[in-house]
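A.B. asks: sequence first, then the predicted structure, then my questions.
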Amino acid sequence: MTVRGQIVRFALVGGVNTGTYYGLYLALLTFLPYVAAHVVAFLLSMVGSFFLTSYFTYRTRPTWRKFLLFPLTNAANFVVTTCGVYVLVDVLRLERTYAPLVAAAAAIPVTFVVSRLVMLGPDRAAESAPETERNPVG
C-alpha cells in the first residue's frame, strides 16, 4: 500500500464524506433546527467516514480504540482551518469569503498525517512511508 494511493483514497473519502454530510444536513433541516441538523449530520457522516477511512483508505480493521481516537482528525482539521482563517483574513487581508477554502486546503496534509497515525498507529504509519520519509536526515 503506497502513501500516494492512500492520499488519493483519503481525498475520495473526504469528497464522499462532504456529500454525505450535506445530504444529511439538508434532509434533517426538514424537521430539525439548523444547528441540530448540522450536529447530527456531522456526527453521522463522521461515523461513515471512520469506516470508509478504515476499510478503503488504509485497509485496516476498525477497532473501538481507533473509533474513539478518530475525532482527533476532525479536531486537527478544525484547529488548522480556524487558525488559517484568522491569519488569512486578519493578517494577510484575504477576502473572508475565500479564506475558509484556502485554509481547508492547507489543513488536508495535517488531517492526513493525523488520520494515518490514528488508523495505522505510529509504527505502521512510519513503516509504510517511503524510505526518505522515514529517515529524512540520513
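C.D. replies: Here it is on my side, so go on.
A.B. asks: now the most centrally placed residue in the chain, nearest residue through space, not along the chain?
C.D. replies: Nearest residue to the geometric centre of the chain (C-alpha atoms, centre = their mean): Thr111, 4.8 Å. Among residues not flanking Thr111 along the chain, Asn77 sits closest, at 4.6 Å (C-beta to C-beta, 6 or more residues apart in numbering). For every residue, glycine as well, the C-beta is placed using N, CA and C.
A.B. asks: how near is that neighbour to Pro33?
C.D. replies: 25 Å (C-beta to C-beta, to the nearest Å).
A.B. asks: who's more crowded, those two?
C.D. replies: Asn77 (20 against 10; other C-beta atoms under 10 Å).
A.B. asks: list the contacts for the more buried one?
C.D. replies: By C-beta atoms under 8 Å, 6 or more residues apart in numbering, the contact list for Asn77 reads Ala104, Ala107, Val110, Thr111.
A.B. asks: would you turn these into CSV with distance to Thr57?
C.D. replies: Putting the contacts of Asn77 into CSV (distance: C-beta to C-beta, whole Å) gives the following:
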residue, distance to Thr57
Ala104, 18
Ala107, 17
Val110, 16
Thr111, 12
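A.B. asks: most surrounded residue in these?
C.D. replies: Thr111 leads the contacts of Asn77 on contacts (other C-beta under 10 Å) with 21 neighbours.
A.B. asks: before we move on, back to that, give me the pLDDT value at the residue nearest to Thr111.
C.D. replies: Note on Asn77: pLDDT of 88.
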